[in-house]
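Visitor: here's my sequence, what's the structure:
(2 chains)
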There are 2 protein chains.
Amino acid sequence: MDRDDGALSGEQRLIRDFFQPIATHPGALGLTDDVGVLTPPPGCEVVLKTDAIVGAVHFAPDDPADDVARKALRVNLSDLAAKGARPLGFLLALTLPGDVTQAWLEGFAEGLRTDSVRYGCPLFGGDTDRTPGPISIAVAMFGAVPQGTLVRRSGASPGDRVFVTGTLGDAALGLALRQGASWPLSEPQRRHLASRYVLPRPRTLVADAVRSHATASIDLSDGLARDLATVCRTSEVGADIDLRRLPLSPAAAAVGALDPTALATVVAGGDDYEILCTVPAVHVDSFRTAARAVGVPVTDIGVIVTGSRPVYTGPEGRPFAAPAGFSHF
Amino acid sequence: MDRDDGALSGEQRLIRDFFQPIATHPGALGLTDDVGVLTPPPGCEVVLKTDAIVGAVHFAPDDPADDVARKALRVNLSDLAAKGARPLGFLLALTLPGDVTQAWLEGFAEGLRTDSVRYGCPLFGGDTDRTPGPISIAVAMFGAVPQGTLVRRSGASPGDRVFVTGTLGDAALGLALRQGASWPLSEPQRRHLASRYVLPRPRTLVADAVRSHATASIDLSDGLARDLATVCRTSEVGADIDLRRLPLSPAAAAVGALDPTALATVVAGGDDYEILCTVPAVHVDSFRTAARAVGVPVTDIGVIVTGSRPVYTGPEGRPFAAPAGFSHF
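Guide: Okay, the predicted model is just below:
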């Protein structure tokens, strides 16, 4: 820390050294004021989302600081993408224990910078506070959708196909590895699963396709089982899901071949940060085309039916009882 | 907790029982989705602010839960008011230790409800997480100002009068009482000072007057000394402040009469949540009239001059060296 800037408090120095360099949007007012100012694009609504991550709960003390920063942004970006919104920017409320190091702060700010550029979501303002507890990072993210086009959880109708992006279960299996699961995997397989847990990959690229074609959508953060149940409950429908179609990474498929109980982890595990959306049959081809155009794999895993909850078909065509998904409470 | 709603996670029950009843704005989507949707008033910009409060740092474990909720909102509302903005709504990121009680949550939700109605700032969405640390409450608050009318910290010019709302120092003296200061005060005096620390009173009513008349403005959260120094630094001016004019409550005046060192606490102490603003001489009368019309007392404590920092005149007309204001770092 400088010694010649007595007029600045420690918090003001923190802002100057780490956060002003990444607050490049004019609406951030250079972080020289108490607030930021946002002008939404013409014809758009502002989509609002907040999600916090907490040390020892959502990330480990030895996770790299830049990954922690990026995770804090990405869990919010994932929700925006599922709603068909594009990011506009974010606010950051950071609570730090007394022993946080300069190196951690540098890494954290670098992670924020990288992803705020990558996803086009500049910092508009923030707050830093001390805590006797663990590091906690609350991000409030703002996005935009054309007026009235937000994709809700509640629009699914019988006959709609159920799509998911990417592959499911990697993060949950990665977490199991961290917690000591001893599947004999190759090192690249381990790394793949671990990285999916540490760093979500929000599907921002597919947001436009979702907005144009989906009737309902949710980001898979609490596990397929719970999040699809939420869509069914909110839309007042059932779903018939064929788990044999579930898109798995080679690493997750390898675990599945070694351990038949892994399927339950894949279905119930959280932190996928893929998008589940429902698409009317008539839109399926154009949805697939739009997703392919932005390089996001999408897989049809079943169909919306009348009812009130999902049912699953598992290996060998037998009914599969999905365990409950993740909940912090 | 109900036992017949197995389809809901603990977090979903928490939302249903405590937060859905206060998410009455249509943009909150009944908290049935991952996001909220805000349509700013025509011709307005969205003003963005986040401020978090943390247990054992900003509030005591035995502070009433409804006061804690209200403090979390009010520290943000205070910033909006100082910028001339009116509130539109908020997001809430709540991290809770495992031993939080149903009664605490009920009180907290009731405090949120009371103030969200009082200040016209509905809940648009939130996030609840577990923490091994203390309760932490991060609010992201949104407000509106007509395009281009935000009152910055940076607009003060020599000759502008320096105004403050209300009375200063009460909260800092209230905190000193909590920490064991033994001034022989009456019980109502003690209660007044303590209540100013526990529960800020944001000056939302005076926001329009500030927007119409002030060249620079800041909410006094880190103490007069530090916050005025910030205005001076940002505006590249000095200020000549007469502490004999400082507006004091009867309780604070009583402490001052008992203890000559109290003035330093008043000047440097934080948590006033009054507004300091600078008003050109030609606007002073209309500013006073506008403030009077909404029942907010305002006091002229000095003048902006050329220079780079405030200087203070203290008792008996002698120069007064203001201690640094509050900083968490």
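
Visitor: how far out from the middle of the chain is stretch A:90-101?
Guide: Centre-to-centre, stretch A:90-101 and its host chain are 21 Å apart (C-alpha atoms, centre = their mean, to the nearest Å).

Visitor: now that stretch - C-alpha only, CSV.
Guide: Only the C-alpha atoms of stretch A:90-101 are listed here, as CSV (Å, rounded to 0.1, in the frame of the first residue of the first chain):
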residue,chain,number,x,y,z
PHE,A,90,-23.0,-5.9,-12.2
LEU,A,91,-22.7,-4.6,-8.7
LEU,A,92,-20.3,-6.4,-6.2
ALA,A,93,-20.7,-6.6,-2.4
LEU,A,94,-17.5,-8.2,-1.1
THR,A,95,-17.0,-9.2,2.6
LEU,A,96,-13.5,-10.0,3.5
PRO,A,97,-11.9,-11.5,6.6
GLY,A,98,-9.0,-9.6,8.1
ASP,A,99,-6.3,-12.1,6.8
VAL,A,100,-7.1,-11.7,3.1
THR,A,101,-3.9,-11.1,1.2
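
Visitor: please identify the buried residues of it?
Guide: Using 16 or more other C-beta atoms under 10 Å in any protein chain shown as the test for burial, stretch A:90-101 gives A:90, A:91, A:92, A:93, A:94, A:95, A:96, A:100. From N, CA and C alone the C-beta is placed, and that goes for glycine too.

Visitor: can you tell me the closest non-neighbouring residue to the fifth one?
Guide: So that's residue A:94. Using C-beta to C-beta, 6 or more residues apart in numbering or on different chains and skipping the chain neighbours, the partner closest in space to residue A:94 is residue A:128 (4.8 Å).

Visitor: after the helix or strand where residue A:68 lies comes which helix or strand?
Guide: Here residue A:68, judged by DSSP states H and E, is contained in helix A:65-82. Helices and strands here follow DSSP H and E; after helix A:65-82, the next one along the chain is strand A:86-96.

Visitor: could you say what helices and strands the helix or strand that that next one is followed by packs with?
Guide: Next along the chain after strand A:86-96, taking DSSP H and E as the criterion, comes helix A:102-118. The contact analysis (3 or more C-beta pairs under 8 Å, 6 or more residues apart in numbering or on different chains; DSSP states H and E) places helix A:102-118 against helix A:65-82.

Visitor: related to what we said a few turns ago, assumed the residue nearest to residue A:94 was part of a helix.
Guide: No - Residue A:128: not assigned to a helix; according to DSSP: H, G, I helix; E, B strand; the rest coil it is strand.

Visitor: can you get me a residue count around it?
Guide: 20 (other C-beta atoms under 10 Å in any protein chain shown).

Visitor: repeat for residue A:281
Guide: The number of residues near residue A:281, taken as other C-beta under 10 Å, comes to 10.

Visitor: how far away is it from residue A:152?
Guide: 20 Å (C-beta to C-beta, to the nearest Å).

Visitor: and what of residue A:282?
Guide: 19 Å.

Visitor: okay, the two: which has more neighbours?
Guide: residue A:152 (22 against 9).

Visitor: show me what contacts the closest residue to chain B within chain A?
Guide: At 1.5 Å from chain B, residue A:133 is the closest residue in chain A, using C-beta to the nearest C-beta. Contact analysis of residue A:133 by C-beta atoms under 8 Å, 6 or more residues apart in numbering or on different chains lists A:95, A:97, B:54, B:131, B:132, B:133, B:134, B:136.

Visitor: please apply the same query to residue A:237.
Guide: Contacts of residue A:237 by C-beta under 8 Å, 6+ apart are A:156, A:157, A:158, A:304, A:305, A:306, A:307, A:308.

Visitor: got the contact list for the third one?
Guide: Residue A:158 sits next to A:237, A:304, A:305, A:306 when contact means C-beta under 8 Å, 6+ apart.

Visitor: with the fourth one instead?
Guide: Applying C-beta under 8 Å, 6+ apart, we find residue A:304 in contact with A:156, A:157, A:158, A:159, A:160, A:161, A:162, A:235, A:237, A:238, A:239, A:278.

Visitor: tell me who's in contact with residue A:111.
Guide: Contacts for residue A:111 (C-beta under 8 Å, 6+ apart) come out as A:64, A:65, A:66, A:67, A:68, A:69, A:70.

Visitor: in a markdown table, list these along with neighbour count.
Guide: What follows is those, written out as a markdown table (neighbours: other C-beta atoms under 10 Å in any protein chain shown):
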| residue | neighbour count |
| --- | --- |
| A:64 | 16 |
| A:65 | 21 |
| A:66 | 20 |
| A:67 | 17 |
| A:68 | 24 |
| A:69 | 25 |
| A:70 | 26 |
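
Visitor: flag the shaky bits of chain A, pLDDT-wise.
Guide: Scanning chain A for pLDDT under 70 picks out A:1-9, A:324-329.

Visitor: let's see which of the contacts of residue A:158 end up in strands.
Guide: A:304, A:305 (DSSP state E).

Visitor: dump the contacts of residue A:158 to TSV, plus distance to residue A:220.
Guide: TSV is the format used below for these (distance: C-beta to C-beta, whole Å):
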residue	distance to residue A:220
A:237	18
A:304	16
A:305	20
A:306	23
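
Visitor: which of the contacts of residue A:158 sit farthest apart?
Guide: Greatest spacing in the contacts of residue A:158, by C-beta to C-beta: A:304 and A:306 (8.7 Å).

Visitor: now for these two: what residues contact both?
Guide: A:158, A:237, A:238.

Visitor: for the first one, grab phi and psi.
Guide: It stands for residue A:158. phi -50, psi 140 (degrees, to the nearest 10).

Visitor: tell me the spacing between it and residue A:49.
Guide: Shown here: residue A:158 relative to residue A:49, a distance of 29 Å by C-beta to C-beta.

Visitor: all strands for chain A, in order.
Guide: With DSSP E as the criterion, chain A has strands at A:36-38, A:44-54, A:86-96, A:123-130, A:136-146, A:161-165, A:216-220, A:238-242, A:274-279, A:298-305, A:310-313, A:319-320.

Visitor: please work out which of the ones you listed is packed deepest.
Guide: strand A:274-279 (a mean of 29; mean count of other C-beta atoms under 10 Å in any protein chain shown).

Visitor: what about that one, near chain B?
Guide: No - shown here: strand A:274-279 not in contact with chain B (C-beta under 8 Å from any C-beta of the partner chain), separated by at least 11.2 Å.

Visitor: tell me what that strand is packed against?
Guide: Strand A:274-279 packs on helix A:65-82, strand A:161-165, helix A:207-213, strand A:216-220, helix A:224-235, going by 3+ C-beta pairs under 8 Å, 6+ apart.

Visitor: what about it, distance to the chain center?
Guide: Relative to the mean C-alpha coordinate of its chain, strand A:274-279 is positioned 13 Å out (C-alpha atoms, centre = their mean).

Visitor: same thing with stretch A:107-117?
Guide: With C-alpha atoms, centre = their mean, you get 16 Å for stretch A:107-117.

Visitor: CA atoms only for it - export them in PDB, please.
Guide: The C-alpha trace of stretch A:107-117 is given here as PDB (Å, rounded to 0.1, in the frame of the first residue of the first chain):
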ATOM      1  CA  GLY A 107      -6.100 -12.600  -8.400                       C
ATOM      2  CA  PHE A 108      -9.800 -11.800  -7.600                       C
ATOM      3  CA  ALA A 109      -9.700  -8.500  -9.400                       C
ATOM      4  CA  GLU A 110      -8.000 -10.200 -12.400                       C
ATOM      5  CA  GLY A 111     -10.700 -12.800 -12.600                       C
ATOM      6  CA  LEU A 112     -13.400 -10.200 -12.400                       C
ATOM      7  CA  ARG A 113     -11.700  -8.200 -15.200                       C
ATOM      8  CA  THR A 114     -11.300 -11.200 -17.500                       C
ATOM      9  CA  ASP A 115     -14.900 -12.300 -17.300                       C
ATOM     10  CA  SER A 116     -16.400  -8.800 -17.300                       C
ATOM     11  CA  VAL A 117     -14.700  -8.300 -20.600                       C
END
